[in-house]
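K.L.:
Just the structure for this:
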Amino acid sequence: MKRTWHIRTRILVTLIGLTILILLVAGAGFSLSLRGYIRSRVSSQLRRTLESALSERSSKGNGKGGKHPQSHRDRLAGSGSALILDQDGTLVTILSGEEEEAEDLAACFKERGLSEEIGNELITAGSGSYAVTLVRDPLADGQYVLSYVDVTSLMSLEREVGWMLMAVMAGAILLSVFLSFRFARSIASPVQTLSEFAADIGNGSLSQRQLNFRDEEFNQLADEMNRMAGQLDAARLNREMFFQNVSHELRTPLTSIRGSAEGIACGLMEPKPAADVILAETDKLTDMVEDILYLSRRRKITEKKPAEPLDLREVLSLCAFELNGEAAKRGVAFHYDFAEEPILYAMHETDAQRLFSNLISNAVRYAKSEVRLICRKEGEEILVSVEDDGAGIAEEDMPHLFERFYKGKDGRHGIGLAIAKAAAETGGGTITCRNQNGAVFEVRFPSGNQSA
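P.N.:
Below you'll find the model as predicted:
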């Protein structure tokens, strides 16, 4: 199982580790640069001191003087000093510099011995540190010219700078820990709050929350979660209303069926009229169940079956033909206003039939004498209109017209127009309603969608 981390811990570890790495690299780089600069300057001084010493030796002769040191104090160019040692490390001559330094260096080399030349080496003699260069004396066999630079103060400076760097790094790390902790908390706290909000939503608590964060992204996420909670709450209310309405719509025909069946069983009703009632109510139940199943399955059906180009004039005519019997009973006639050329649009035939059948059935139910069917192109759109000459739609019903199980005056079970709206939107169209000498339902599709 993959190991998990708290986001606060990950942020802390990442930021502190990155800070330490940067400080270490910067400190090491500065320390190396300082050390390189010091050694470069010291090497330059040693070189100038040695050149001056050798030049002076050449101009003044050999300069041997027995076993005791001579106090030759002529100052050479640069800040370095020079002296001459014999092969045993005994001080022969001080070319420049302090006598105490010369004696300390001579004692050091006498102890370690002289066997070969030395180029720019750091040694400790007495209480000081020196950078030295040792070469053979070109004027006397068995003697060496030693040039040196006292680097005690420079070494002390380097150590002090190192301690200062360590102190600065320690302070920077402490500051980084403090700032990283605050930053991690500023990230982890909103995440924790939103996580608790999501858990409450998952547990069914869909009340919205007023959350304000410093970061815009968290505020956007909170707004989206509130919107989601609102949609879920609305869906829950719709589901509860749906079941209440379904229960009510099922109870009425079932009551009629049960009453007719009991009337037949008890001999209180003639079988033929009672059977007619049972059949009529059964047809209502069948229609309502089919409508409900269509609403619940329409997305799966449309996903499985590809859309096909349909001539909407033919579909509209077929739906009107199927309702001719009902229209004739009510004394309603159909009038067609179709374009002469085919009106092709790619959508599922089932959706198209459901859409137009519900609109035409609704128009026939409320029309006085005629229903007008229109199908033509208008600019970049396809217009399908179903108009009746009835009393129109009440203003209080207009906002709820396409809601499931909302029934206006003389409505059946309040699901037909909801199906029409769902079918239109599934096919990529829109549906609207207005009053103009009766009810006018307009469906518009984009005319560019003529193929699957």
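K.L.:
Show me the helices in the stretch 301-450 of the chain, by range?
P.N.:
Remark: helices assigned in the stretch 301-450 of the chain by DSSP state H, counting those that start in this stretch are 312-322, 324-330, 349-366, 416-426.
K.L.:
Phe320 reaches Ile360, doesn't it?
P.N.:
Heads up, residue 320 is Ala, not Phe. Yes: Ala320 lies in contact with Ile360 (CB atoms under 8 Å); the separation is 5.6 Å. Placement of C-beta: from N, CA and C, glycine included.
K.L.:
Spatially, what comes nearest to Asp351 if we skip its sequence neighbours?
P.N.:
Ala423 (4.2 Å; CB to CB, 6 or more residues apart in numbering).
K.L.:
For Leu359, give its distance to Ala106.
P.N.:
As judged by CB to CB, to the nearest Å, Leu359 and Ala106 stand 118 Å apart.
K.L.:
Look at these two and report which has more neighbours.
P.N.:
More crowded of Leu359 and Ala106, by other CB atoms under 10 Å: Leu359, with 31 against 23.
K.L.:
Could you pull up the contacting residues of the more buried one?
P.N.:
Listed by CB atoms under 8 Å, 6 or more residues apart in numbering, the contact set of Leu359 reads Val386, Ala420, Phe441, Val443.
K.L.:
hang on, the earlier thing: Ala320 and Ile360: which has the busier surroundings?
P.N.:
Neighbours around Ala320 and Ile360, counted as other CB under 10 Å, are more numerous at Ile360. The numbers are 25 against 20.
K.L.:
contacting residues for the more buried one?
P.N.:
Applying CB under 8 Å, 6+ apart, the residues contacting Ile360 are Leu316, Cys319, Ala320, Leu323, Val371, Leu373, Val386.
K.L.:
try Asn238
P.N.:
Arg404.
K.L.:
where does the stretch 301-450 of the chain dip in pLDDT?
P.N.:
For the stretch 301-450 of the chain, applying pLDDT under 70 flags the ranges 301-305, 405-414, 449-450.
K.L.:
where do the contact lists of Ala320 and Ile360 overlap?
P.N.:
Residues touching both Ala320 and Ile360 (CB under 8 Å, 6+ apart): Val371, Leu373.
K.L.:
hang on, Thr19 packs against Phe178?
P.N.:
No: counting by CB under 8 Å, Thr19 stays clear of Phe178, with 11.2 Å between them.
K.L.:
Of those two, which one has the most company?
P.N.:
More crowded of Thr19 and Phe178, by other CB under 10 Å: Thr19, with 18 against 10.
K.L.:
Can you tell me the element the more buried one falls in?
P.N.:
helix 7-60 (DSSP states H and E).
K.L.:
Outside of the helix or strand that that helix is followed by itself, list whatever touches it.
P.N.:
Toward the C-terminus, helix 7-60 is succeeded by strand 81-86 as the next helix or strand (DSSP H and E). Strand 81-86 has contacts (CB under 8 Å, 6+ apart) with 49-50, 52-53, 63, 76, 91-98, 101-102, 105-106, 109, 114, 134, 137, 140, 142-150.
K.L.:
From those residues, which land in strands?
P.N.:
Among the contacts of strand 81-86, the ones falling in strands (DSSP state E) are 91-96, 134, 143-150.
K.L.:
Which two among those residues are spaced furthest apart?
P.N.:
Spatially, the most separated pair among those is Gln143 and Asp150, at 22.7 Å (CB to CB).
K.L.:
Can you give me the domain boundaries for this protein?
P.N.:
Listed by automatic domain parsing, the domain ranges of the chain are 7-158, 216-287, 305-446.
K.L.:
picking that back up, are any of the contacts of Ile360 buried, and which?
P.N.:
Neighbour counting by 16 or more other CB atoms under 10 Å classes Leu316, Cys319, Ala320, Leu323, Val371, Leu373, Val386 among the contacts of Ile360 as buried.
K.L.:
In JSON lines, list those residues along with distance to Trp163.
P.N.:
Output for the buried ones among the contacts of Ile360, formatted as JSON lines (distance: CB to CB, whole Å):
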{"residue": "Leu316", "distance to Trp163": "92"}
{"residue": "Cys319", "distance to Trp163": "93"}
{"residue": "Ala320", "distance to Trp163": "98"}
{"residue": "Leu323", "distance to Trp163": "98"}
{"residue": "Val371", "distance to Trp163": "98"}
{"residue": "Leu373", "distance to Trp163": "95"}
{"residue": "Val386", "distance to Trp163": "91"}
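K.L.:
Going by distance to Met241, which of the residues you listed wins?
P.N.:
For those, the residue nearest Met241 by CB to CB is Val386; the value is 27.3 Å.
K.L.:
follow-up on the earlier one: helices and strands around the helix holding Thr19, which ones?
P.N.:
If you count contacts as 3 or more CB pairs under 8 Å, 6 or more residues apart in numbering; DSSP states H and E, helix 7-60 packs onto strand 81-86, strand 91-96, strand 118-125, strand 128-136, strand 143-150, helix 152-202.
K.L.:
give me that answer again for 7 Å
P.N.:
Applying 3 or more CB pairs under 7 Å, 6 or more residues apart in numbering; DSSP states H and E, one finds that helix 7-60 makes contact with strand 81-86, strand 128-136, strand 143-150, helix 152-202.
K.L.:
now it: mean pLDDT?
P.N.:
The predicted model assigns helix 7-60 a mean pLDDT of 84.
K.L.:
circling back: quick check, nearest of the ones in strands among the contacts of strand 81-86 to Ser256?
P.N.:
Nearest to Ser256 among the ones in strands among the contacts of strand 81-86 is Val149, at 118.1 Å by CB to CB.
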